[in-house]
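> Mind looking at a prediction? Sequence and model below.
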Amino acid sequence: MSSINDALHHTEHRHVFNVDGLCQLAAQSVNWRPDDVIDLEKLAKGGFNHTILITMRDGFQMVVHILYPATIPKYFAVASEVATMALLHSSRLPIPQVYRYSPMLSNVAETKYIFMEFLQGIKLSDIWFELGEGEIISVTH
């Protein structure tokens, strides 16, 4: 069944960016060469961004968040996410390290992005409904 707002949703979430430029920036963010990037795999689409897994030649992996064009406030959405992640990371929570970010479109990838560490693990959304009350309280605390 199709939603009335499907066309609007797709327009707001469709984003064209320079893939070669993104690979170049990803490699530079971890001191590699652009030709060391061997794979890009879409992981998820969230409320504010696409999440892509980037794999390098030796198996090293990192993640990039690419903001949707409709995400607002445009500049502060990236800056706020990066600042929040840095604060949580400094508190010794298992938050990915940010390698590089840009809150502006004026870069070779022609998109706003956040390159970050890829952490293996179980997504909270996959187990949320299996948690007991005490575990939910602990997680939300």
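Ah, there it is. Numbering: from 1, shown residues only.

> and the spatially most central residue of the chain, what element?
Nearest to the mean C-alpha position of the chain, by CA atoms, centre = their mean, lies His65 at 2.3 Å. According to DSSP states H and E, His65 maps onto strand 61-67.

> what helices or strands is that strand leaning on?
Contacts defined by 3 or more CB pairs under 8 Å, 6 or more residues apart in numbering; DSSP states H and E place strand 61-67 against helix 19-29, strand 49-56, helix 74-90, strand 113-117. In short, each C-beta sits where N, CA and C put it, glycine included.

> pLDDT of the longest one, averaged?
Read that as helix 74-90. When pLDDT is averaged over helix 74-90, the result is 87.

> cool, and the shortest one?
Throughout strand 113-117, pLDDT has a mean value of 95.

> Pairing partners for that strand, with directions?
Applying DSSP bridges, strand 113-117 is found paired with strand 61-67 (antiparallel), strand 98-102 (antiparallel).

> which of these is buried the deepest?
Of all these, strand 61-67 carries the top mean neighbour count, a mean of 21, counting by mean count of other CB atoms under 10 Å.

> Quick one: distance of that strand to the chain centre.
Remark: strand 61-67 is offset 4 Å from the chain centroid, using CA atoms, centre = their mean, to the nearest Å.

> Render the CA-only coordinates of that strand in PDB, please.
Taking C-alpha atoms only, strand 61-67 is exported to PDB below (Å, rounded to 0.1, in the frame of the first residue of the first chain):
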ATOM      1  CA  GLN A  61      36.000  -0.500   8.100                       C
ATOM      2  CA  MET A  62      34.500   2.900   8.900                       C
ATOM      3  CA  VAL A  63      31.000   4.400   8.700                       C
ATOM      4  CA  VAL A  64      29.800   7.600   7.100                       C
ATOM      5  CA  HIS A  65      26.600   9.400   7.900                       C
ATOM      6  CA  ILE A  66      25.300  11.500   4.900                       C
ATOM      7  CA  LEU A  67      22.600  13.900   5.900                       C
END
